[in-house]
Structure formats: structure tokens, C-alpha cells
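# My questions are about this predicted structure, shown below with the sequence.
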Amino acid sequence: MKITIFCSLERKQVLLELIPLFEDMFIESHAYFPTNEWNYSAVQEVLKGLEYSDHYLIIPDTHDLKSQWLAFVMGFGGYNHKQIFMNITKDPEFMKFKDLLNMYPISTNKEELKETLEIIIPVWDKDSRARIARKALEKSLNEHAFEGFAMAVEKGDRFMVGVYLEADFDVNKESLKNVTLLGLAARNGYLGILKILVNAGANINQVSSDRNNTALMDAASEGHTEIITYLIDNGAELEIISKSGQTALVLSVGNKQIDAAKILLKAGSNPETKDFLGFSARKYAQLHEMNELLTLMHTTEE
């Protein structure tokens, strides 16, 4: 349960004494201290409190009874059917507003406030907590269900991939391993699955959070030439870099995927782009004595 507290600065000590009560009752609270200076910034601050929860505890001083902020909170709360309760002193000045105050649950000490909260909380338990629990459960189930989608992609299970797509699961969401669905298909060489995902709206250039690789980069690293060709033909960007500063071409050459590197070079990949170690695709080709690639790099320059 959450409570917004609107407290007069003059009664801040009362609020401090009430905080342990909220903690004991597992109530989350946030306090706002409105002033009688009623300008734009003051209104915005009060609005933050009004939006924070559906339960308002007002701890006013006597001079606040004629303030604009108090009238605003009561008016907003009443119109929007929020639960308002008040903590006041036994000052006779409050009794001048008896008719107004009688509209709300009132307490004058910690014990009375606890009794008020104990009346409110069972209602909250029955309605709000059940609703929140259902939402939390639904979210948890959706997370587990999506992981099943990711596993279907990773295993190349076309039937189950189709089932998840029919159920309208997000094709641009990452797995719990922080890999996109396209990335999973590309890493495992599943061209058919990858095509299905692209046709369903998967972003070809989306990067996976684990390596900052696109599907093209994953395919290049593993040497899946058919996937590389398909992705390039469908608009894959060639010069996106990984967390190590490597492009798809650098990854292919560094992993000795010669055929993959040939496709990338013919598509226009830059052999001079350096990774964070200062090595380019040309440099890796020289180190691995990939003369065929070096010749192709020279040819593509011309």
C-alpha cells in the first residue's frame, strides 16, 4: 500500500513520529510539504503527490485550513474518489471547521491513525492487492513465456516459433541472456527461422546487449554465409561495431571465416576499420596470411 502525505512544515515532527507506524504496517509513503505560496511550481509539486497514490494523509496546522493547497488536495481527492484521512491536533481552532473535517476519518494521535489504517488496509488488501498481484503474476508468466519463444528460436523449432508469433509476442525483445531473437537465429545458422522473424517485423540492425552484435555480425563470426547474404540483401548495415569495436568484416576475418569475409568485402565493407586493439580486417588477414582476402581487399579498393 502507498500513501501520499501532505504535511505542514510546522507539524513535521508529528510526521517523523508516524514513520515507524508506516514501516510496521508495510506501507510505502512519500511526504510533501506544501506552502501557502501558491504558484506554478507549488501546484506542480502537489500534483506529484496526488499522482503518487490513491490514499492521502493530510497533516495540517491550523493556518492551513484556509490555504489553497489544502482546498486543492481535498477537491482533487473528492472529485477523483481518492481516500483522504487527516491527522489534526486538539486545537479548538480545528473545531471551527468541524463540518468539513467530519467528511474524513480523523485522528489526533498515532494510535487513532493506526485504527484508521487498519480499517482501510483490509479493503485495500481485498481490492488493490489482488489486482496488483494478478498484474505481477501476468508479467512474470509473460517473461517466462517469452523465454520459451527464445528457446524455440535457439533450437530451430519452426512450429513453436510460429505459435509464439501467432500469440503476438514481441520479435524485437531480448532473451534473458540479452540476445535478440535474430541474434539467436544467426548464431545458430537458422536461415529459415531468421526469415520468419524478419517477415514478422524483427529489426535487422537491432543489437544484442551482450556483445553489441547485430545478426549480421553474429552470422559473420560463425561463417553462416547464406544468412549473411540474406541480411545484406535486406538492408543490414555493414559498419556497426561490437563492444570490442569490431565490425562484421573484422569478426569474420578474425575468426578465419574466409567465405563470409568475401561476401562482406564484395558488399562494400571497409577493411581499414580498426577494432579497440588497433587491428583492422586487413591487419588480421596479414597476420593469418589470408592472401586471397588481401588480393580481394586490393581489388575492391580499385
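Thanks, I have it.

# Going by C-alpha atoms from here, please, whenever you check contacts or count neighbours.
Noted.

# what's the distance between the closest residue to residue 110 other than its chain neighbours and residue 80?
In this structure, residue 110 finds its nearest non-sequential neighbour in residue 18, 6.4 Å apart by C-alpha to C-alpha, 6 or more residues apart in numbering. Per C-alpha to C-alpha, to the nearest Å, residue 18 is found 26 Å from residue 80.

# Also residue 172?
Distance of residue 172 to residue 80, given as C-alpha to C-alpha: 38 Å.

# Mind checking which of these two has more residues around it?
In this view residue 172 and residue 80 are compared by other C-alpha atoms under 10 Å, and residue 172 has more residues nearby, 18 against 10.

# The more buried one belongs to a strand, doesn't it?
No. Under DSSP: H, G, I helix; E, B strand; the rest coil, residue 172 sits outside any strand and is assigned coil.

# show me what contacts it?
If you count contacts by C-alpha atoms under 8 Å, 6 or more residues apart in numbering, residue 172 has them with 180, 181, 201, 202, 203, 206.

# Now do the SS call for residue 86.
Under the three-state scheme (three-state DSSP), residue 86 adopts strand.

# My read is that it contacts residue 100, right?
No. Using C-alpha atoms under 8 Å, residue 86 makes no contact with residue 100, being 11.2 Å away.

# Have a look at these two and say which one is more surrounded.
Counted by other C-alpha under 10 Å, residue 86 and residue 100 do not tie: residue 86 has more neighbours, with 20 against 11.

# about what we covered before: tell me which entries of the contacts of residue 172 lie within helices.
Among the contacts of residue 172, the ones falling in helices (DSSP state H) are residue 181.

# Mark which of the contacts of residue 172 are buried, thanks.
Listed as buried from the contacts of residue 172 are 180, 181, 202, 203, 206; burial here means 16 or more other C-alpha atoms under 10 Å.

# need those in CSV with distance to residue 121, can you?
Output for those, formatted as CSV (distance: C-alpha to C-alpha, whole Å):
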residue, distance to residue 121
180, 43
181, 44
202, 45
203, 47
206, 46
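
# would you turn the residues you listed into CSV with pLDDT and distance to residue 258?
Below are the buried ones among the contacts of residue 172 laid out as CSV (pLDDT from 0 to 100; distance: C-alpha to C-alpha, whole Å):
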residue, pLDDT, distance to residue 258
180, 97, 25
181, 97, 26
202, 97, 28
203, 97, 27
206, 97, 25
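
# ok, now which ones touch residue 24?
Residue 24 makes contact with no residue under the criterion C-alpha under 8 Å, 6+ apart.

# Was I right to think residue 105 contacts residue 85?
Yes. Using C-alpha under 8 Å, residue 105 is in contact with residue 85, at 4.9 Å.

# Of those two, which one has the most company?
Shown here are residue 105 and residue 85; by other C-alpha under 10 Å, residue 85 has more neighbours (22 against 16).

# which residues of the chain score low on pLDDT?
Under the criterion pLDDT under 70, the flagged ranges of the chain are 122-142, 300-302.

# Would you map out the domains in it?
2-108, 171-301 (automatic domain parsing).

# okay, how far is it across the shortest one, tip to tip?
Going back to what we said before, that points to domain 2-108. Start-to-end, domain 2-108 (C-alpha to C-alpha) is 21 Å.

# Centre of the chain to that domain, how far?
Distance of domain 2-108 from the chain centroid (C-alpha atoms, centre = their mean, to the nearest Å) equals 32 Å.

# hmm, which two among the contacts of residue 172 are most spread apart?
180 and 201 (12.8 Å; C-alpha to C-alpha).

# Which helix or strand contains residue 161?
Secondary structure assignment for residue 161, by DSSP states H and E: helix 158-166.

# mind listing the helices for the stretch 101-250 of the chain?
Secondary structure of the stretch 101-250 of the chain (DSSP state H, counting those that start in this stretch): helices at 110-124, 130-155, 158-166, 181-188, 191-199, 215-222, 225-233, 248-254.

# Helix or strand next in line after the shortest one, which one?
Helices and strands here follow DSSP H and E; after helix 248-254, the next one along the chain is helix 258-267.

# What are the buried residues along that following helix?
Judged by neighbour count using 16+ other C-alpha under 10 Å, the buried positions of helix 258-267 are 258, 259, 260, 261, 262, 263, 264, 265.

# Using CSV, write down the CA coordinates of it.
Extracted C-alpha coordinates of helix 258-267, given in CSV (Å, rounded to 0.1, in the frame of the first residue of the first chain):
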residue,chain,number,x,y,z
ILE,A,258,37.1,-16.6,-45.4
ASP,A,259,33.9,-17.1,-47.4
ALA,A,260,32.0,-14.8,-45.0
ALA,A,261,34.6,-12.1,-45.4
LYS,A,262,34.5,-12.4,-49.2
ILE,A,263,30.8,-11.7,-49.2
LEU,A,264,31.2,-8.7,-46.9
LEU,A,265,34.0,-7.2,-48.9
LYS,A,266,32.1,-7.5,-52.1
ALA,A,267,29.2,-5.8,-50.4
